[in-house]
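In: The amino acid sequence is not available; the structure is as follows:
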């Protein structure tokens, strides 16, 4: 088949099965290893059989087996960087890019560009930690995760992207005791354990990185309760959380840090998605 025929076939198949058809071009670019402009220039050329077979195989997995496109291509873009992803880590989300952006602004405000020690708790693919390390040369970044498989992915991304994050295996803050940090950032599991989850997510992403106890706040409590052991003053704590947990997060933070400055920030969709805590003293 010619390239344009493969595109048409994929688009029609997606539409017939009520699947997002924008993935068709991505899958064909991945199979052909072409840049977008080269594919456009070669639309009337015959696709080699191996490219056609790979494209059709991955298209069928996406449509009929409900496999995320990121698991088929093996990558996802985050903060302008190409991250390796697989079923051992959560696929980085656009909302988490906003957490990184807001944390960088807060860092400038609180620390004025001076050198700081940063820890990313529950790093997964390493997207947050590595992006911070690459974006701000005065951040010395450490990241933890309880999953050794996730850390292998994060280390591969660290090497691929030329960052210098230190990765540590362990549960939440436990492997950090005895060390001190200026900034703590985390996007921990926050889906309540009894909540129904989209099958695309539930069937393909690690449950250890999804569910956060009966109310979705289990890991925030744990971090807030223990964070004083590893943080200097002043310090910044930055969380991503469920859009409907803003009020509960505010009350939870106040119970541990009654004198802190608490900022509940909306994402680009206008939803309460991030809480940034500044402890000035």
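Out: That came through, no problem. None of the values given here were measured: they were computed from a predicted structure.

In: how does this structure divide up, domain by domain?
Out: Following automatic domain parsing, the chain resolves into domains at 3-65, 87-279.

In: would you list these in a markdown table and tack on mean neighbour count and mean pLDDT?
Out: C-beta: built from backbone N, CA, C; applies to glycine. Formatted as a markdown table, the domains of the chain follow (neighbours: other CB atoms under 10 Å; pLDDT from 0 to 100):
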| stretch | mean neighbour count | mean pLDDT |
| --- | --- | --- |
| domain 3-65 | 15 | 94 |
| domain 87-279 | 18 | 89 |
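
In: Please produce CSV containing those domains, extended by distance to residue 80.
Out: Shown next, in CSV, are the domains of the chain (distance: least, CB to CB, whole Å):
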stretch, distance to residue 80
domain 3-65, 17
domain 87-279, 8
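
In: How far does the helix or strand containing residue 119 sit from its chain's centre?
Out: Residue 119 belongs to strand 116-121 when assigned by DSSP states H and E. Strand 116-121 sits 16 Å away from the centroid of its parent chain (CA atoms, centre = their mean, to the nearest Å).

In: do stretch 93-110 as well
Out: 13 Å.

In: Pull the distance from the longest strand belonging to the chain to the chain's centre.
Out: Looking only at the chain and at elements set by DSSP state E, the strand with the highest residue count is strand 231-240. Distance of strand 231-240 from its chain centroid, counting by CA atoms, centre = their mean, is 20 Å.

In: Just to be sure, residue 95 is in a strand?
Out: No - using DSSP: H, G, I helix; E, B strand; the rest coil, the assignment for residue 95 is helix, not a strand.

In: now for the longest strand of the chain, which elements pack on it?
Out: Counting contacts by 3 or more CB pairs under 8 Å, 6 or more residues apart in numbering; DSSP states H and E, strand 231-240 packs against helix 94-111, strand 181-186, helix 218-226, strand 272-279.

In: Looks to me like residue 59 is in a helix.
Out: Yes - counting by three-state DSSP, residue 59 is part of a helix.

In: Provide a list of residues in contact with the nearest residue to it once chain neighbours are set aside.
Out: Computed as CB to CB, 6 or more residues apart in numbering, the closest residue to residue 59 that is not its neighbour in sequence is residue 10, at 5.3 Å. Contacts for residue 10 (CB atoms under 8 Å, 6 or more residues apart in numbering) come out as 21, 24, 27-28, 55, 59.

In: which two from these end up farthest apart in space?
Out: The most widely separated members of those are 21 and 55, with 13.9 Å between them, by CB to CB.

In: thinking residue 107 is in contact with residue 185, fair?
Out: No - with contact defined as CB atoms under 8 Å, residue 107 does not reach residue 185; the gap is 10.1 Å.

In: all strands of the protein, in order?
Out: Using DSSP E, strands in the chain cover 75-78, 81-84, 116-121, 139-145, 166-169, 181-186, 231-240, 261-266, 272-279.

In: Please identify which of the ones you listed is closest to residue 98.
Out: Counting by CB to CB, residue 98 lies closest to strand 272-279 out of these; the figure is 6.8 Å.

In: Would you agree residue 81 is in contact with residue 134?
Out: Yes - in this structure residue 81 lies within contact range of residue 134 using CB under 8 Å: 6.8 Å.

In: Show me the common contact partners of these two, please.
Out: Common neighbours of residue 81 and residue 134 (CB under 8 Å, 6+ apart) are residue 161.

In: Next one: the residue nearest to the spatial centre of the chain from residue 119, what distance?
Out: Centroid-nearest residue in the chain, with CA atoms, centre = their mean: residue 92, separated by 2.7 Å. According to CB to CB, to the nearest Å, residue 92 and residue 119 sit 18 Å apart.

In: This completes my enquiry, with thanks.
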